[in-house]
Each structure stands twice: as C-alpha cells, then as structure tokens.
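**Student:** Prediction below, plus the sequence it came from.
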Amino acid sequence: QVQLVESGGQSVQAGDSLRLSCAGSGRTFNNYCMAWFRQAPGKDREIVAAISWGGSETHYGDFAKGRFTISRDNAKNTVYLQMNSLKPEDTAVYYCAAGHIAVDVVLTGPLNYEYWGQGTQVTVSS
C-alpha cells in the first residue's frame with residue numbers, strides 16, 4: 001500500500017509559479033511511475049505530467065509542455081511539479097498518482113495508476 005500526500009497548492013495570480021510536492025509513504029517509490037493529474041469543475045481528469053521510476057522518461061500534457069516540469073527524488077519518496085507562467089485555465093485540483101510498473105517507462109492513462117492522493121487546489125486569478 002502506498003499513501004500519497006500532496007502539498008503546495010494555493011491561490012496565485014496569472015504568470016506566477018508554484019511547486020507542488022507529493023510525499024509517499026508505505027512503500028518505496030522504486031518501480032512506481034509517478035504522475036500528476038488535474039481536474040477542473042465539470043471537466044474530466046487529465047494528465048499533467050508523468051515520470052518513470054528511474055526518471056529517464058517523462059510525459060506532459062500539451063498544455064504543460066514548456067511551462068511545467070516533473071521531477072522525483074526516490075530517496076525522499078517525493079515527486080514534484082514545478083509550474084511556471086500559470087494561467088487561469090490551470091485552475092484545478094491537482095492529484096498525485098503512483099502506478100507500479102516493472103520497466104522504466106511512463107504510464108499515461110489514469111487507469112494505470114493504483115494509488116492516488118487527496119488532491120491539492122490550485123487557483124489562478126487573472
């Protein structure tokens with residue numbers, strides 16, 4: 001069992017930056033692909049970014065490319081999401097997720113992730 005706790009969400013202005021953190025406990029992050037998803041009111045959950053357990057592969061949603069960066073520290077069981085140039089449309093609840101996989105590749109679909117955090121709210125005002 002893996003427990004995930006997100007932090008770092010807050011209300012900011014357009015153009016600001018935020019760094020979200022996701023701390024895991026219960027099991028080592030090794031062999032877990034980690035990802036950030038987000039869900040805005042009335043919209044489906046969508047992938048923001050994912051990183052393979054060894055860090056060799058990353059995947060970003062189109063809206064995140066060039067603005068967001070995912071990283072991980074397996075020694076600390078923590079994954080991060082650096083978000084720059086935030087826009088009002090980035091307003092959503094951001095969820096951390098962990099998916100077990102034997103090879104060092106990314107998983108992109110939400111159904112591939114067994115463990116989810118409770119989410120952290122990010123609100124971007126114009």
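**Tutor:** Thanks, I have it. On a predicted model such as this, the values are computed, not experimentally measured, just so you know.
**Student:** Make sure Glu6 is actually in contact with Trp116.
**Tutor:** No. Using Cβ atoms under 8 Å, Glu6 is not in contact with Trp116, being 9.7 Å away. Backbone N, C-alpha and C define where each C-beta goes, glycine included.
**Student:** Please say which of these two ends up with more neighbours.
**Tutor:** Glu6 (22 against 17; other Cβ atoms under 10 Å).
**Student:** what's the more buried one in contact with, if anything?
**Tutor:** 20-22, 94-96, 117-120 (Cβ atoms under 8 Å, 6 or more residues apart in numbering).
**Student:** how far does stretch 41-60 sit from the chain's center?
**Tutor:** 6 Å (Cα atoms, centre = their mean, to the nearest Å).
**Student:** now do stretch 81-89
**Tutor:** With Cα atoms, centre = their mean, you get 12 Å for stretch 81-89.
**Student:** swap in stretch 87-97?
**Tutor:** Using Cα atoms, centre = their mean, the offset of stretch 87-97 from its chain centre is 9 Å.
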